[in-house]
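J.: below are the sequence and a predicted model for it; my questions follow.
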Amino acid sequence: MSKKKAVKRTRRANNEGSIFQRSDGRWGGALTMGYDENGKIIRKTIYGKSRAEVVKKLSEISGRMKSNSYDLVEQNNLETLMFEYLMTFKKSAVSPRTFEGNIRNFKLHIAPPIGKMKVYEIDNYAIQKLVNNLMEQGYSNDTVKKCKHLLNQFFEYAIDNKWILVNPTLKVKIKGKRNVYQANDDEKYKAMPPEIRDKFLDALNKDEANFIKPLCITLMFAGLRIGEALALKWKNIDFDNKTIKVERAITQVPKFDEQGNIKDRITVIGDTKTTCSVREIPVADIVIETLKQWKDKQNNRQQTNPDVTATLTSPTTFVFANDDGSYRTYSGTRKIFDRFKRRNGLDKFNIHFHGLRHTFSNMLFEMNENPKVIQQLLGHRDVKTTITVYNSVNSDYVREATDRLNTKIQEQQKEKEFEIENPKEPELTDEEIDQMIKELERKKKRKEKDFEM
């Protein structure tokens, strides 16, 4: 008679409910959810490929029940819950422009692929697939990382609310890749090439009807952002020490409706882009001289022009102020700049304000300036930004570098050929030199003896 093997039974852990294995090998679990209006027990049964998976799901459900959020999570998908998180918590924690990027990434890249799923249905496979698809579509690593970071923050919030136990973004990988975005030559090369720089400067010198010349010279030869330049006051310019102090910046702040859509943008004077952007920098003589000329012109206008109602050269007045002393907006300044370009035949060269800042950076790189120095002048937080984004090169610079290399190789080749044709006599060792000296001394003594005889 065969004896049946005893099955060891262990007590189930808390929150495991009734766990069982089906005949097909899958695992299941049942959890009491409460009672209906007739007093009948309501049970929820879930399934998984392993006991551990079922235990995890039962624990999550139990956690949601204890936190009174079970119905909330069951009745809403990720899109609804994450949008509420963004509008309630994220919007008040970041700047309006940062939130604009957050809500855009959510609506464009997160909600479409996984928004209809329940929060607890999303695992690292779903997030990794989302990341992979974004990279395959050619989005930059920066965009992909921002989407992952936003999801990571939301799932940490979900854990705090006991909706889930594990953050599914933790093991998601973003591999480094080259930017596959294909742009035309004008878009790729943001800085102005040397031949365009000359045309641009000629136009500035000939067309001095307004503030465009001093503004562009400041951008091109001091590397300021357009918002920083428009926020400059005369007290920020030290003509004696030839420095400019960047403290504030003009920026456009978006206003959102209840759906996260931008309903308006207002121009305000606020902080610079980063804390590193607050800086006092030495500037070239061309900047100082141009700003002196502009200040003289403004002084003359306020004395002779009845339309000027402000003291345009006061230390607290904006350098590029309107006639009433108010600051200029970016949109209004850009319209005047566009008219200037059309008037001088420059509109075909894709010149824009930020391109002038890139041009300043490129001119320094062309002079082999230290990237850390350029970083401080530009007010970048990370030198990587200076090197990778603000160091554009075109084929001319590559050709010059290749020509220099070619010249060096040719010089080395000529030196080798000369050495072959004109071999050097082998150098003597110290012992050989001593031997030669002794031999000379012996010959000398012999000659002296022969002379005496």
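T.: Nice, thanks for sending it over.
J.: show me where this protein has strands.
T.: Using DSSP state E, the strands found in the chain span residues 18-21, 27-35, 41-48, 237-238, 243-246, 248-256, 262-271, 279-282.
J.: can you redo these as a markdown table with mean pLDDT?
T.: Supplementary listing: these in a markdown table, determined by pLDDT from 0 to 100:
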| stretch | mean pLDDT |
| --- | --- |
| strand 18-21 | 83 |
| strand 27-35 | 75 |
| strand 41-48 | 76 |
| strand 237-238 | 96 |
| strand 243-246 | 93 |
| strand 248-256 | 86 |
| strand 262-271 | 84 |
| strand 279-282 | 89 |
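J.: got a markdown table for those strands, with mean neighbour count and distance to E289 too?
T.: For every residue, glycine as well, the C-beta is placed using N, CA and C. Listed next are the strands of the chain as a markdown table, based on neighbours: other C-beta atoms under 10 Å; distance: least, C-beta to C-beta, whole Å:
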| stretch | mean neighbour count | distance to E289 |
| --- | --- | --- |
| strand 18-21 | 14 | 82 |
| strand 27-35 | 15 | 79 |
| strand 41-48 | 13 | 75 |
| strand 237-238 | 18 | 12 |
| strand 243-246 | 18 | 14 |
| strand 248-256 | 18 | 25 |
| strand 262-271 | 13 | 27 |
| strand 279-282 | 15 | 14 |
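J.: redo the ones you listed as a markdown table? Include distance to K341.
T.: Compiled in a markdown table, the strands of the chain are given as follows (distance: least, C-beta to C-beta, whole Å):
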| stretch | distance to K341 |
| --- | --- |
| strand 18-21 | 72 |
| strand 27-35 | 68 |
| strand 41-48 | 64 |
| strand 237-238 | 26 |
| strand 243-246 | 25 |
| strand 248-256 | 21 |
| strand 262-271 | 22 |
| strand 279-282 | 27 |
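J.: looking at those strands, which is nearest to A222?
T.: Nearest to A222 among the strands of the chain is strand 243-246; the distance by C-beta to C-beta comes to 5.9 Å.
J.: list the contacts of that closest one.
T.: Strand 243-246 is contacted by residues 218, 222, 224, 228, 232, 236-238, 272, 277-283, 287, 379 when judged by C-beta atoms under 8 Å, 6 or more residues apart in numbering.
J.: make it 6 Å
T.: With C-beta atoms under 6 Å, 6 or more residues apart in numbering as the test, strand 243-246 has contacts from A222, E228, N236, I237, R279, E280, I281, P282, V283.
J.: next one: stretch 281-289
T.: Residues contacting stretch 281-289 (C-beta under 6 Å, 6+ apart): I217, T218, F221, A222, F239, K242, T243, I244, L377.
J.: those residues: which two are farthest apart?
T.: Maximum distance among the contacts of stretch 281-289 (C-beta to C-beta): 18.8 Å, for F239 and L377.
J.: looking at those two, which one has more neighbours?
T.: Using other C-beta atoms under 10 Å, the more surrounded residue of F239 and L377 is L377, with 20 against 12.
J.: picking that back up, which of the strands of the chain sits closest to K162?
T.: strand 27-35 (14.9 Å).
J.: how's this protein carved up into domains?
T.: Here the domain assignment for the chain is 18-66, 75-160, 190-391, based on automatic domain parsing.
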